[in-house]
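Asker: This is a predicted model, with the sequence first.
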Amino acid sequence: MRARGATAGLALIIASSCSQPPLDRGIITVGIYTSVANLDPRYATDAVSSRAHHLIFNSLLDLDANMRLAPDLAESWESEDYKTYVLQLQKGIRFHDGHELTSEDVIYTFDSILNPASSSPLRGAFRLVESVKAEGLYTVIFTLKEPSGSFLINLVAVQIVPKGAGRNFREHPVGTGPYEFVSQVPDDRIVLRAFRDYFEGLPRNRGIVLKVVPDDIMRALELRKRTVDIVINDTPPDIAYQLQKEGLQLITSPGANYQYLGFNFRDPLLKDIRIRHAIGYAIDRQAIIDYLRRGLASRAVGVLPSASWAFEPDVFDFEYDPDTARELLDEAGYPDPDGSGPRPRMTLSLKVSNTEFNRLQSAVIQQNLREVGIDADVRTYEFATLYADILKGNFQMFTLQWAGGATADPDILSRIYHSRQVPPVGFNRGHVSDPELDRLIDEATRATGQDERRVRYGEVQQRAAELSPYISLWHETNSVVAQPGLTGIELTPQIDYNFLRNVSR
């Protein structure tokens, strides 16, 4: 089933519109589907905010195109025992206010994250940190409570803020990144200008505007009118292919963004593994990929993409099998009350964001579940409202997406699945609680060498697949729709916004 309504609507709007010149040839305007929730990187948890942070801030370490650790603010790092990590900062890096980055800024950033009173969602990733100390202006020493081979990857997620950044820092953030903050109009736009003293060189454009356009069709119209230059992974496939026919660029690459259906383990129905498995067998994931995604996705069997060095292929997975779904529901004590009649076995609510693609995808899931006797009450929300409900645990089922950068290292599995990682400490939003999974995660966290980590996290993936706290839907194929004159668009699997500094006309 194709997104015929969305495509037809777009065609009508385009037919009635006329092209307009770009706002400024030196400024790159990016269409985004929702507002940036928090410009302070210590406290934000949503993907849109995280991508914006990459334009304003830097981390100690980064990921390269192969999702391996690479230098960023730190030029080198070493550890002899996987318990003490010594990082050397690059010298001469400037914040946007002109002062030099030193170890004091790093210490301040981590102190504010580790402070229990701060409620930083990053704190759970550093549960093993015993101390963070400076040795001179450019050396930072992390000491852990026990050895861990997954520590360094967590540094990628922490953008460094200047010493003294308070709670109002989100209103005027100051970082070391390629762009400095100019202004924000809530629910409309964020304006950034190129930072002339950026340590990796002046960006190839004069600035970035992140323009909020919540509706899929309207984002396409903005592209067609040239009031938006580029949309990154936020154009439904049918619309992206139509815009390509109109002369815009469509650039694709293998991606790591992960779409899933999540369950609430505290729910009386969904805590039963047979019901979760029945739902997994009932959903025709390949149809979603072939028809709704137009092939711009690949089937997922877990959070980690197949390109990850830690990916474990030998895990329990679902095939589309409605008969098995019905058998499992019978075993769980929910027989069909009227055979082939209209009465359902049970009713479950499914919360999704109100983008056009998510509405279409949820309609497919709703129909799939109806065919096995489950009435899915689909409820659509603005993203901010949906996300707030998920953090509170106010749901039975929901769909969301993990951004590719978050899945670069298997340690994300501990943040998602360990029983001690429920919000606000971590990302166990479904309140998964399984002693065996906790044990496997603890062993994987203590592992050091990459070979041992691969084995241990493989066991975590196998156990998580059996429990099915998520039904894996697909890994996204990255797709960027851009104006024909734009150059410098080079995509990595995690498709953060770093590449925008190389984009120009």
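Answerer: Noted; the coordinates are in hand.
Asker: use CA for all of it now, contacts and neighbours both
Answerer: OK.
Asker: What segments of the stretch 151-300 of the chain are strands?
Answerer: Ranges of strands in the stretch 151-300 of the chain, per DSSP state E, counting those that start in this stretch, are 179-185, 189-194, 207-212, 230-232, 249-253, 258-263, 297-299.
Asker: For the one helix or strand Q366 maps to, the averaged confidence score.
Answerer: Q366 is located in helix 356-370, with elements delineated by DSSP states H and E. Across helix 356-370, the average pLDDT comes to 94.
Asker: Not counting sequence-adjacent ones, nearest residue to R94?
Answerer: Sequence neighbours aside, E100 is the residue nearest to R94 in space, at 4.5 Å (criterion: C-alpha to C-alpha, 6 or more residues apart in numbering).
Asker: how close does the one you found get to R359?
Answerer: 48 Å (C-alpha to C-alpha, to the nearest Å).
Asker: quick one, phi psi at I56?
Answerer: I56 has phi and psi values of phi -100, psi -30 when expressed as degrees, to the nearest 10.
Asker: Can you check what pLDDT the model gives it?
Answerer: The model's pLDDT for I56 equals 98.
Asker: wouldn't it be in contact with Y179 here?
Answerer: Yes. Counting by C-alpha atoms under 8 Å, I56 does reach Y179; the two are 5.2 Å apart.
Asker: Can you list the low-confidence ranges for the chain?
Answerer: For the chain, the stretches with pLDDT under 70 are 1-25, 66.
Asker: How about the secondary structure of the closest residue to G255 other than its chain neighbours?
Answerer: Leaving aside its chain neighbours, G255 sits nearest to P493 (4.3 Å; criterion: C-alpha to C-alpha, 6+ apart). Classification of P493 using DSSP: H, G, I helix; E, B strand; the rest coil returns coil.
Asker: right, and P493 touches Y258 too?
Answerer: No. The pair P493 / Y258 is not scored as a contact, 11.3 Å apart, by C-alpha under 8 Å.
Asker: what about the helices in the stretch 51-200 of the chain?
Answerer: Assigned by DSSP state H, counting those that start in this stretch, the stretch 51-200 of the chain shows helices spanning 103-114, 151-155.
Asker: With distance to N478 and mean neighbour count added, can I get the ones you listed in TSV?
Answerer: Conversion of these to TSV gives the following (distance: least, C-alpha to C-alpha, whole Å; neighbours: other C-alpha atoms under 10 Å):
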stretch	distance to N478	mean neighbour count
helix 103-114	31	20
helix 151-155	23	19
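Asker: Domain-wise, how is this structure divided?
Answerer: Split into domains by automatic domain parsing, the chain comes to 4-33+178-253+479-502, 56-169, 258-476.
Asker: how about those domains, which one is nearest Y43?
Answerer: domain 56-169 (5.0 Å; C-alpha to C-alpha).
Asker: among the domains of the chain, which is nearest D40?
Answerer: D40 lies closest to domain 56-169 among the domains of the chain, at 6.2 Å (C-alpha to C-alpha).
Asker: now the end-to-end length of the closest one.
Answerer: Across domain 56-169, first to last residue, C-alpha to C-alpha, it's 13 Å.
Asker: Please apply the same query to stretch 259-277.
Answerer: One end of stretch 259-277 sits 17 Å from the other (C-alpha to C-alpha).
Asker: And stretch 260-267, by the same measure?
Answerer: Note: stretch 260-267 ends 18 Å apart using C-alpha to C-alpha.
Asker: buried ones in it?
Answerer: Of the residues in stretch 260-267, 260-266 count as buried by neighbour count, 16 or more other C-alpha atoms under 10 Å.
Asker: again with stretch 171-189
Answerer: Neighbour-count burial for stretch 171-189 flags 173-181, 184, 189 (criterion: 16+ other C-alpha under 10 Å).
Asker: quick check, nearest of those residues to F383?
Answerer: R189 (16.4 Å).
Asker: From L486, how far out is Y417?
Answerer: Y417 sits 41 Å away from L486, going by C-alpha to C-alpha.
Asker: Comparing these two, which residue is more hemmed in?
Answerer: Counting neighbours by other C-alpha atoms under 10 Å for Y417 and for L486 shows that Y417 has the greater number, 26 against 15.
Asker: For that one, which residues are in contact?
Answerer: When contacts are counted by C-alpha atoms under 8 Å, 6 or more residues apart in numbering, Y417 touches 427-428, 432-433, 437-438, 464.
Asker: Against N428, how distant is it?
Answerer: For Y417 relative to N428 (C-alpha to C-alpha), the value is 5 Å.
Asker: Now do the shared contacts for those two.
Answerer: Counting by C-alpha under 8 Å, 6+ apart, nothing touches both Y417 and N428.
Asker: so F427 is in which element?
Answerer: Applying DSSP H and E as the criterion places F427 outside every helix and strand.
Asker: same deal with P424?
Answerer: With DSSP H and E as criterion, P424 is part of no helix or strand.
Asker: Now the one helix or strand R439 maps to: buried residues?
Answerer: Element membership for R439, per DSSP H and E: helix 435-446. Buried residues in helix 435-446, counting neighbours by 16+ other C-alpha under 10 Å, are found at 437-438, 440-441, 443-446.
Asker: could you dump those to CSV with distance to P305?
Answerer: Output for the buried residues of helix 435-446, formatted as CSV (distance: C-alpha to C-alpha, whole Å):
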residue, distance to P305
L437, 20
D438, 22
L440, 20
I441, 19
E443, 22
A444, 18
T445, 19
R446, 23
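Asker: Please identify which of the residues you listed is nearest to K83.
Answerer: Distances from K83 to the buried residues of helix 435-446, taken by C-alpha to C-alpha, are shortest for R446, at 10.1 Å.
Asker: quick one: contacts for the closest residue in space to the closest one that isn't next to it in sequence?
Answerer: Excluding its sequence neighbours, the residue lying closest to R446 (C-alpha to C-alpha, 6+ apart) is S148, at 4.9 Å. Applying C-alpha under 8 Å, 6+ apart, we find S148 in contact with 82-83, 445-448.
Asker: nearest to V140, of those residues?
Answerer: Ranked by distance to V140 (C-alpha to C-alpha), the contacts of S148 are led by K83 at 13.8 Å.
Asker: quick one: the closest one and S150 touch, right?
Answerer: No. The pair K83 and S150 fails to qualify as a contact (C-alpha under 8 Å) at a distance of 10.7 Å.
Asker: These two: which is more packed in?
Answerer: S150 (22 against 19).
Asker: Could I get the contacting residues of that one?
Answerer: Going by C-alpha under 8 Å, 6+ apart, S150 touches 409, 411, 445, 447-448.
Asker: can you check V106 too?
Answerer: Contacts of V106 by C-alpha under 8 Å, 6+ apart are 140, 160-163.
Asker: Apply 10 Å and report the result again.
Answerer: 59-60, 73, 89, 132-134, 138-140, 158-163 (C-alpha atoms under 10 Å, 6 or more residues apart in numbering).
Asker: on that earlier part again, got the CA positions of the helix holding R439 in CSV?
Answerer: Extracted as CSV, the C-alpha positions of helix 435-446 are listed here (Å, rounded to 0.1, in the frame of the first residue of the first chain):
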residue,chain,number,x,y,z
PRO,A,435,17.4,-10.9,36.0
GLU,A,436,19.1,-12.9,33.3
LEU,A,437,19.3,-10.0,30.9
ASP,A,438,20.7,-7.8,33.7
ARG,A,439,23.3,-10.4,34.4
LEU,A,440,24.4,-10.6,30.8
ILE,A,441,24.6,-6.8,30.5
ASP,A,442,26.7,-6.6,33.7
GLU,A,443,29.1,-9.1,32.3
ALA,A,444,29.3,-7.3,28.9
THR,A,445,29.9,-4.0,30.6
ARG,A,446,32.8,-5.4,32.5
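Asker: Good, we can wrap up now.
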